[in-house]
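J.: Could you work out the structure for the sequence below:
(chains A and B)
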Amino acid sequence: MRLRLLDLGGVSGLRSQAVYHALGESISEGAMDTLAILHPTNPYVSLGFHRDLDTDVDTAFCRERGLPVYRRRVGGGTVYLDADQVFFQLILQERRARTSVANAYAEFLGPAAVAYWALGVPAELMGVNDLAVDGRKLSGTGMATIGNAVVVVGNVIRDLDHASMAGIMQLPDDTARTWVETSMRRWVTSIQGELGSKPSYARVATELVKAYAAWAGEPLVPGRLSDRELDQIRTTERRLESSEWLHREGYERPAAHAATPVRRVKIRAGRWDAFFDWASGDQPIRVYMSADGGVLEAIRFARIGGAADVDAPLRALEGSLPGTNGGAVDLAERLASTVPAADANRLAGLLAIAARPDG
Amino acid sequence: MTVARQYRVPVDRAYERETNLWVQDRGGVLRIGLDELAQEVNGDMAFLQLAAPGTVVGRGDEMGSTEAGKYVGPILSPVAGTIRAVNRAVLDTPRLVNTDPLEAGWLVEIEPAAGETLDHLVREPDEIALWHAERVRAFRLKGVLAE
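T.: From the prediction side, this is the model:
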């Protein structure tokens, strides 16, 4: 399989998103598939295609830090991206990816895992599309149809700014932000985090090229962006910067009442942090929790708007609930031994949503 | 109604050959949705976006998008016309497309453009059965569907 290589080095954050959108939209029948390798020179925030800007992103934080927000035509949540992340972007003729999504991820991400191994990190595929080492997420990836192409994008994280990653998210309060940051420090890693040092961009790019050449079965064909592709990239940049694109104007969105009352943040495949408000009797309570594979791992109750500690029964639940499946059919019954039945039913329903292992 | 393997394929509507969207003529307004095979191939629908009423679309134009099974894909209009209604229920609960794709999980209603016909779609019962069986076979060969 002939695969064109575009090693673009450092480009603006905007261009780092525009490249794969534009190449996907402009791919023509018979054109060579492309692997683009690049890194953004400025930090920014990337918003998943179907996510809501206001509920997903802390726009005030982004403004303060001068972080632009670009919506990508790829799924998943909100992520912070910067120069310590090397992007690999496959732009393929659509026929190449006509298999199940899980099979496609396994095939297209295999070389990225090989590159990680060459860099000293034994990465493996976790869930459908995470690259991970010992359960810690190394790389977020996504796949989409763009134009007549199938686009697969991912990153090799040389070093990760966990505070900024947690900072960009819209969360109910600072406790939740600290909760997410703590989870990410434990479960989202980088080459620096694993090895204590980070490779250069050039070293990462070299290993990606080797691995994808082995996958293609022949050396990659070095290329450069054509004038037509550059024009398309500039057009795409204007679109990605527009308010119309960022807010998906002209498209219908779910009604506000349909939004789940639970704010969930995916930490890595199967693992979620979640936050929601609930009431125990006349006490308004905020719940902070983590779940892995649907099982509650940690939970904390705090009074909303008051300094007083929660009552002893709730404190006891913080000790007894971990290890419980969030979807357990008898959960409401068990909770009812501690809190009023109506409150127990409500809490069980919220925990079931919060702990779900899938997206 | 014809049944291809385990999929219901009602013959009271037409089908787009490549996208498995169904098109049902409801007194001059065309109701559109994904068929049972398409929803299975897509997997659990996490997000759905649909163009607002009043949007004019041509055949093959994007009229929405899906996010399912870690994949984002466009929904391409099978007919030319103007979107007159969007099913708010599927926007609020995208899994409705998985649980009831042929009825409650419809996506949009389109008023066809002047001169637009359904001739390019699969419409005759015998043709529908043959077409659908071939689609199932093709997805199985690609490993998208279990045997």
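J.: where exactly do the helices run in chain A?
T.: Remark: helices assigned in chain A by DSSP state H are A:13-26, A:53-56, A:59-65, A:101-118, A:162-167, A:174-187, A:191-195, A:201-216, A:227-241, A:243-246, A:312-320, A:331-335, A:341-355.
J.: same check, this time on chain B
T.: Assigned by DSSP H, the helices in chain B fall at B:36-42, B:88-92, B:96-99, B:125-141.
J.: what's across from A:Ile299 in the sheet?
T.: For A:Ile299, the beta-bridge partners are A:Met289 (DSSP bridges).
J.: whoops, A:Phe276 was the one
T.: A:Val287.
J.: ok, now the one 4 residues further on?
T.: Counting by DSSP bridges, A:Ser280 is bridged to A:Gln283.
J.: Can you tell me which of the helices of chain A is most buried?
T.: The highest average neighbour count among the helices of chain A, using mean count of other CB atoms under 10 Å in any protein chain shown, belongs to helix A:13-26 at a mean of 24. (Each C-beta comes from the backbone N, C-alpha and C, glycine too.)
J.: and it, is it in reach of chain B?
T.: No. If you take CB under 8 Å from any CB of the partner chain as the test, helix A:13-26 misses chain B, and the best it gets is 11.3 Å.
J.: what's near enough to touch A:Tyr70?
T.: A:Gly13, A:Leu14, A:Gln17, A:Tyr44, A:Val45, A:Ser46, A:Leu47, A:Leu240, A:Glu241, A:Leu246 (CB atoms under 8 Å, 6 or more residues apart in numbering or on different chains).
J.: And the first one, how far from chain B?
T.: Going back to what we said before, that points to A:Gly13. As judged by CB to the nearest CB, to the nearest Å, A:Gly13 and chain B stand 20 Å apart.
J.: Ignoring the adjacent residues along the chain, who's closest to that residue?
T.: Closest residue to A:Gly13 apart from its sequence neighbours, by CB to CB, 6 or more residues apart in numbering or on different chains: A:Tyr44 at 3.7 Å.
J.: Return the residues of chain B in contact with chain A.
T.: Residues of chain B found near chain A (CB under 8 Å from any CB) are B:43-44, B:46-52, B:55, B:64-65, B:67, B:69-74, B:86, B:88, B:91-93, B:142-144.
J.: so how far does stretch A:76-88 reach from one end to the other?
T.: 17 Å (CA to CA, to the nearest Å).
J.: no no, stretch A:39-47
T.: End-to-end for stretch A:39-47, by CA to CA: 17 Å.
J.: Name the residues that touch that stretch?
T.: Here stretch A:39-47 makes contact (CB under 8 Å, 6+ apart) with A:9-14, A:16-17, A:53, A:56-57, A:62, A:65, A:67-72, A:78-87, A:161, A:164, A:168, A:201, A:246.
J.: Can you list the low-confidence ranges for the chain?
T.: Unless you meant another one, I'm taking chain A. Residue ranges of chain A with pLDDT under 70: A:96-98, A:257, A:307.
J.: was after chain B, sorry
T.: Within chain B, the segments meeting pLDDT under 70 span B:1-5, B:146-147.
J.: check contacts around the residue nearest the centre of it.
T.: Geometric centre of chain B, nearest residue: B:Leu21, 2.2 Å, by CA atoms, centre = their mean. B:Leu21 makes contact with B:Tyr15, B:Ile32, B:Gly33, B:Leu34, B:Asp35, B:Ala38, B:Ile75, B:Leu76, B:Pro78 under the criterion CB under 8 Å, 6+ apart.
J.: The first one reaches B:Val23, doesn't it?
T.: Yes. With contacts defined as CB atoms under 8 Å, B:Tyr15 counts as touching B:Val23 at a distance of 7.3 Å.
J.: Looking at the two, which has the bigger crowd around it?
T.: Taking other CB atoms under 10 Å in any protein chain shown, B:Tyr15 and B:Val23 do not tie; B:Tyr15 has more neighbours (26 against 21).
J.: Next, give phi and psi for the spatially most central residue of chain A.
T.: In chain A, the centroid-proximal residue (CA atoms, centre = their mean) is A:Gly77; its distance is 4.7 Å. Main-chain dihedrals, A:Gly77, degrees, to the nearest 10: phi -100, psi -160.
J.: Grab the nearest non-local neighbour of it.
T.: Excluding the flanking residues, the one nearest A:Gly77 by CB to CB, 6+ apart is A:Gly48, at 5.3 Å.
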